[in-house]
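Visitor: Have a look; sequence and predicted model below, questions after that.
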Amino acid sequence: MTSPFITVGELADQLAGELPPAVLDASLVLHPAQFDGDYRKDSGRPRWLAGHIPGSQWVDVSTQFSDTTATLHYTHPEPQAIADELARLGIAEGRAVVVYDSTGTMFASRLWYLLRWIGVTVRVLDGGLAAWQAAGERVDTGEETPQSPVPFWPADARRRAWVSKQELLERTGTDATPLVCGLPAGSFTGADPTRYTRRGRIPGSVNVSSRDLFSKDGHVKTRVELVLAYDSAGIDVAEDHAGEVLLYCGGGISASANALTLAAIGTHAVRIYDGSLEEWSADPRLALEIGAPA
């Protein structure tokens, strides 16, 4: 099984080879909520200008790889729209892609999930830009020469990737498919302020904070640690696990990091609720649970 992560050494070797991958920096700053409804984000472009992997391009996941006509943040675009954006960035059909960020791997994970959905060979740099710098690899600053666009190429969905609000509403009490919230514990229990309309979690869900799946230096934790994190939430992720895992968070970003870490331990049958709490909490008819699970 090829890991969805790539190490600094592997990437450096590939960039020096005859067929280097395209490298995309997906950095975006999403600020913690200071009060309910406090939604603030900043572009990651200044970070990229201050230091980036040579030859990389910065992309704005919130616009270039989201449906900007939708009412919710980060709504996934159609497969062809993703492919068309890659072509505009100079990435031809069949070219491998490596994604990274300098903001905790969350937005790199989201871009990985979208590209994987349409069949692109894509991996995430373990540890992001910090790991690249720590290894002593060259870092460039300022603008890069723009890549020339390539001809548009056809794309479609290669796997089931999304679960809708309606599907979650139709879940029964006997449905054993895990529903995992990837937000930090304080958001899961409702103790912390939320960016969205109401605090709480979707009833019946369990918590595996995606941020807890990475070490302080930004590297993904060991396989044993990942398995234990999911196992402690009651989710069987043994190698022979064939069941599906449903994921949500605030807006489909942290959940993508859950999907990435699940793929790293061999669980690929996952779907993300793209609207997540932004959509769910906006409907006052839908229940939200508060406090520690019973």
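Guide: In hand now; what should we look at?

Visitor: since we're on residue 209, how many residues are nearby?
Guide: 21 (other Cβ atoms under 10 Å). Using the backbone N, CA and C atoms, a C-beta is placed for each residue, glycine as well.

Visitor: Name the nearest residue to it, ignoring sequence neighbours.
Guide: residue 184 (4.8 Å; Cβ to Cβ, 6 or more residues apart in numbering).

Visitor: That neighbour against residue 211, yeah?
Guide: Yes. Using Cβ atoms under 8 Å, residue 184 is in contact with residue 211, at 6.1 Å.

Visitor: Give the full set of residues in contact with the residue nearest to residue 209.
Guide: Neighbouring residues of residue 184 by Cβ atoms under 8 Å, 6 or more residues apart in numbering: 192, 209, 211, 212.

Visitor: Is there a neighbour count for residue 155? I'd like the number.
Guide: Using other Cβ under 10 Å: residue 155 sits among 21 other residues.

Visitor: whoops, residue 53 was the one
Guide: Neighbour tally, residue 53, other Cβ under 10 Å: 25.

Visitor: gap between it and residue 237?
Guide: 31 Å (Cβ to Cβ, to the nearest Å).

Visitor: Equivalent analysis for residue 273, please.
Guide: 19 Å.

Visitor: circling back: quick check: PyMOL command selecting the buried ones in the contacts of residue 184.
Guide: To isolate the buried members of these in PyMOL, using 16 or more other Cβ atoms under 10 Å:
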select buried, resi 209
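
Visitor: which one among the contacts of residue 184 gets closest to residue 129?
Guide: Residue 129 has its nearest neighbour among those in residue 211, at 17.3 Å by Cβ to Cβ.

Visitor: what's the span of stretch 7-24 from first residue to last?
Guide: 15 Å (Cα to Cα, to the nearest Å).

Visitor: That one: which residues count as buried?
Guide: Here stretch 7-24 shows 7, 8, 11, 14, 15, 21, 22, 23, 24 as buried, counting by 16+ other Cβ under 10 Å.

Visitor: Double-check the fifth one against residue 9; I have them as touching.
Guide: The reference is to residue 15. No. If you go by Cβ under 8 Å, residue 15 and residue 9 don't touch, sitting 11.0 Å apart.
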